[in-house]
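Engineer: Predicted model follows, preceded by the sequence.
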Amino acid sequence: MNIAEIIKIAVSTLLANKLRSNLTMLGMIIGNASVIAMIGVGQGTQKSATKEFESLGPNMLFVIPGSSQTRNTNFDNPRTLVLEDAKAIAAQVPSVKKVAPQINSRKLLTYRNKNSKNQVIGTTPAFLSVKSVNVAKGRFITDIDLKRNNQVVVLGAKLVKKIFNNQDPIGKQVRIENVSFQVVGVMASKGSLLEPNQNETFYMPLTTMSNRLIGRTSPYGVEVSLIAVSAKNEDSIRAAQFQIGNLLRLRHKITGEDDFSIQAQKDILQTVNTIAGSLTIMLVAIAGISLLVGGIGIMNTMLVSVTERTQEIGLRKAIGATQQDILFQFTVEAVLLSVAGSLLGTALGVSSILLVGRLTPLATFVSPVAIVLAVSVSGGIGLFFGVTPARRAAQLDPIVALRSA
């Protein structure tokens, strides 16, 4: 028999037992769909993280209070950085372009009968250029606001919709912890995969937040939650890290372990991608187990098929079919089951990726490499697990097969 005839017989045999064939393919369908979906979501998340970090600019540095060990062992954030440290970095570090200190907290914002507890950031005018964000309406914080402790606030885009129902909030008075503030601006909408949702954050002058809301000061000045820094260019990042570290050690009179840490955006991105990649591999490995289970299902089905078709095998051998013919026949059936299941699983996996991308904010990515790999592995699994039943069928003695029938 030629290959076309063998395939035709294999298809007709599988269609004769539709329920059993469909149940056998189910393991391959679930396995392929899981693998493709996990790879798609994992790669999509990595791309989103990369895009978000790149939107901040490649020259970002973050100076964070406390050493990594201190932050891991204390429930409260360390308080080792002050506003004067940020001013010193801006004035004395030549490789730095802009510096934006921040005080981060969560406060209740109220307007008439509506309220919302969100993140509030007390910062300076340099925040816009350092974080690469824009104001959609009105203005941002100014130096005059800082000097006069002006009670002004700039709202995130989503917060405006939530509190003002898309009405123009400029000039309106809101209350934050029972202190009255005037809305002077609205931020442009921005994605936020790795940070608290910036669209629901509101901003005010750092001095106002320290004096009117937080009241948290040290003998050395106004304490800050972090200092965001932009280097002059990408080549200046390492120099900026070194110079900032030396300056803060001198200012803090450190002789032992640093009471601060400096993280470059590129290093954070690399760490995030490494973690995301490891999680993707782990999830794919777990999903791949279902492919193995599907392969075992194919082997069981083909063993049952061999038992049921003993008379057919004996008859075909009696009229001249060789062991290779029988081996090839049953192997083709196993591979067809596997490939059909993998194709249906691929369609299900791609559909799942597209559905997740449409219904959730999570970015997704359909990987052609993952599709080819999943289909190839499925075909290989079908071939591997189909060989044992096929060999058993090929080795049947025709006389014994006809008698046992």
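Structural biologist: Everything's here; your move. Numbering: from 1, shown residues only.
Engineer: Any stretches of the stretch 51-200 of the chain with poor pLDDT?
Structural biologist: Scanning the stretch 51-200 of the chain for pLDDT under 70 picks out the ranges 52-58, 68-78, 191-196.
Engineer: can you give me the helices in the stretch 151-300 of the chain?
Structural biologist: Ranges of helices within the stretch 151-300 of the chain are 157-164, 206-208, 237-252, 265-308, based on DSSP state H, counting those that start in this stretch.
Engineer: So which of these is nearest residue 124?
Structural biologist: The minimum distance between residue 124 and the helices of the stretch 151-300 of the chain falls on helix 206-208, with 5.8 Å, by Cβ to Cβ. Where you see a C-beta, it was placed from the backbone N, CA and C, and this is true even at glycine.
Engineer: List the buried residues for the strand or helix carrying residue 105?
Structural biologist: Secondary structure assigned from DSSP states H and E places residue 105 in strand 96-111. Neighbour counts using 16 or more other Cβ atoms under 10 Å place 96-104, 107, 109-111 of strand 96-111 among the buried residues.
Engineer: now stretch 123-142
Structural biologist: Buried residues in stretch 123-142, counted by 16+ other Cβ under 10 Å: 123-128, 130-131, 133, 135, 137-138, 140-141.
Engineer: Same list (the residues you listed) but as JSON lines, adding secondary structure and distance to residue 392.
Structural biologist: What follows is the buried residues of stretch 123-142, written out as JSON lines (DSSP: H, G, I helix; E, B strand; the rest coil; distance: Cβ to Cβ, whole Å):
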{"residue": "123", "secondary structure": "strand", "distance to residue 392": "74"}
{"residue": "124", "secondary structure": "coil", "distance to residue 392": "78"}
{"residue": "125", "secondary structure": "coil", "distance to residue 392": "79"}
{"residue": "126", "secondary structure": "coil", "distance to residue 392": "76"}
{"residue": "127", "secondary structure": "helix", "distance to residue 392": "72"}
{"residue": "128", "secondary structure": "helix", "distance to residue 392": "73"}
{"residue": "130", "secondary structure": "helix", "distance to residue 392": "70"}
{"residue": "131", "secondary structure": "helix", "distance to residue 392": "67"}
{"residue": "133", "secondary structure": "coil", "distance to residue 392": "68"}
{"residue": "135", "secondary structure": "strand", "distance to residue 392": "74"}
{"residue": "137", "secondary structure": "strand", "distance to residue 392": "76"}
{"residue": "138", "secondary structure": "strand", "distance to residue 392": "79"}
{"residue": "140", "secondary structure": "coil", "distance to residue 392": "76"}
{"residue": "141", "secondary structure": "coil", "distance to residue 392": "78"}
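Engineer: what would those residues look like in JSON lines with distance to residue 368?
Structural biologist: Below are those laid out as JSON lines (distance: Cβ to Cβ, whole Å):
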{"residue": "123", "distance to residue 368": "44"}
{"residue": "124", "distance to residue 368": "47"}
{"residue": "125", "distance to residue 368": "46"}
{"residue": "126", "distance to residue 368": "44"}
{"residue": "127", "distance to residue 368": "41"}
{"residue": "128", "distance to residue 368": "40"}
{"residue": "130", "distance to residue 368": "38"}
{"residue": "131", "distance to residue 368": "35"}
{"residue": "133", "distance to residue 368": "35"}
{"residue": "135", "distance to residue 368": "41"}
{"residue": "137", "distance to residue 368": "43"}
{"residue": "138", "distance to residue 368": "46"}
{"residue": "140", "distance to residue 368": "44"}
{"residue": "141", "distance to residue 368": "47"}
